[in-house]
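Peer 1: how would this look folded up:
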Amino acid sequence: MRKLAVLAFVTLDGVMQAPSSPEEDRSGNFDLGGWAASYWDGVMPHVEQTAMSEPYDILFGRKTYDLFASHWPNNETSRASERLNAARKYVVTSTPLTIDWQNSHELMKDLRDDVSQLKSEDGPLLQIHGSANLIQSLLQHNLIDEFRLWTFPVTIGAGKRLFENTHQPLNLTLSSSENLANGIVAQVYRKAI
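Peer 2: Numbering: from 1, shown residues only. Alright, predicted model coming up:
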């Protein structure tokens, strides 16, 4: 049995929408995208070392998959790109997917059953990168085991939040916390048993 972990960049007020660029996700008329871009040099080496150095599989929502698939297969070869390209990618979607990115698979049936099945299989950690809407659905079904968060010293007030009002209360245990030099706090929370 394997675990499912959310990897998320969040503002101090909990927003996770469009950290990289203004064009990343404008849904809900969101125009504050790119809020994390000035911090990348200080945070990405930490993300690669602590969350992406071991083999993993990825669970994506459709929007985030399309964003990653348009970038990573054609990106300059690096350790991060090699791991992302080699990982099995599972895409939760309601419409058929054109699969151009290697090792990509559609999940179009029942979210709870499909993800429960993936978790019951042998294999590496299942990670969720971004995918705010998918995270809300997984929270409703109590399928997330761990949250790996990088909290940025920024507040923006609006946007999709990591924890919306759509799920049951969670009891979490802080597994690790690290202050990075640029003011970001890296934390790992695990579901309390």
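Peer 1: buried residues in stretch 170-190?
Peer 2: Neighbour counts over stretch 170-190 (16 or more other CB atoms under 10 Å) mark Ile184, Ala186, Gln187, Val188, Tyr189, Arg190 as buried. Glycine gets a C-beta too; all of them are placed from N, C-alpha and C.
Peer 1: closest to Glu82 out of those?
Peer 2: Top of the list for closeness to Glu82, among these and by CB to CB, is Ala186 at 22.7 Å.
Peer 1: tell me if that closest one really is in a helix.
Peer 2: No. Assignment of Ala186 by DSSP: H, G, I helix; E, B strand; the rest coil gives strand, placing it outside any helix.
Peer 1: which residues touch it?
Peer 2: Ala186 sits next to Val43, His46, Thr50, Arg148, Leu149, Trp150, Thr151, Ser176, Ser177, Glu178, Asn179, Leu180 when contact means CB atoms under 8 Å, 6 or more residues apart in numbering.
Peer 1: going by distance to Ile99, which of these wins?
Peer 2: Ile99 lies nearest to Arg148 out of those, by CB to CB, at 26.8 Å.
Peer 1: I'd say the closest one and Leu7 touch.
Peer 2: Yes. Using CB atoms under 8 Å, Arg148 is in contact with Leu7, at 4.8 Å.
Peer 1: just the element for Phe60, please.
Peer 2: Taking DSSP states H and E as the criterion, Phe60 maps to strand 56-61.
Peer 1: show me where the chain has its helices.
Peer 2: In the chain, helices defined by DSSP state H lie at 40-51, 62-71, 79-86, 111-120, 132-140, listed in chain order.
Peer 1: between the ones you listed, which has the poorest mean confidence score?
Peer 2: Lowest mean pLDDT within the helices of the chain: helix 79-86, a mean of 84.
Peer 1: helices and strands around that helix, which ones?
Peer 2: For helix 79-86, the packing partners by 3 or more CB pairs under 8 Å, 6 or more residues apart in numbering; DSSP states H and E come out as helix 40-51.
Peer 1: which other helices and strands does the helix it packs on contact?
Peer 2: Going by 3+ CB pairs under 8 Å, 6+ apart, helix 40-51 lies up against strand 4-11, helix 79-86, strand 146-152, strand 185-191.
Peer 1: what's around Asn74, how many residues?
Peer 2: By the criterion of other CB atoms under 10 Å, Asn74 has 10 neighbours.
Peer 1: please apply the same query to Arg79.
Peer 2: By the criterion of other CB under 10 Å, Arg79 has 11 neighbours.
Peer 1: from what I can see it touches Glu48, true?
Peer 2: Yes. With contact defined as CB under 8 Å, Arg79 counts as touching Glu48 (6.6 Å).
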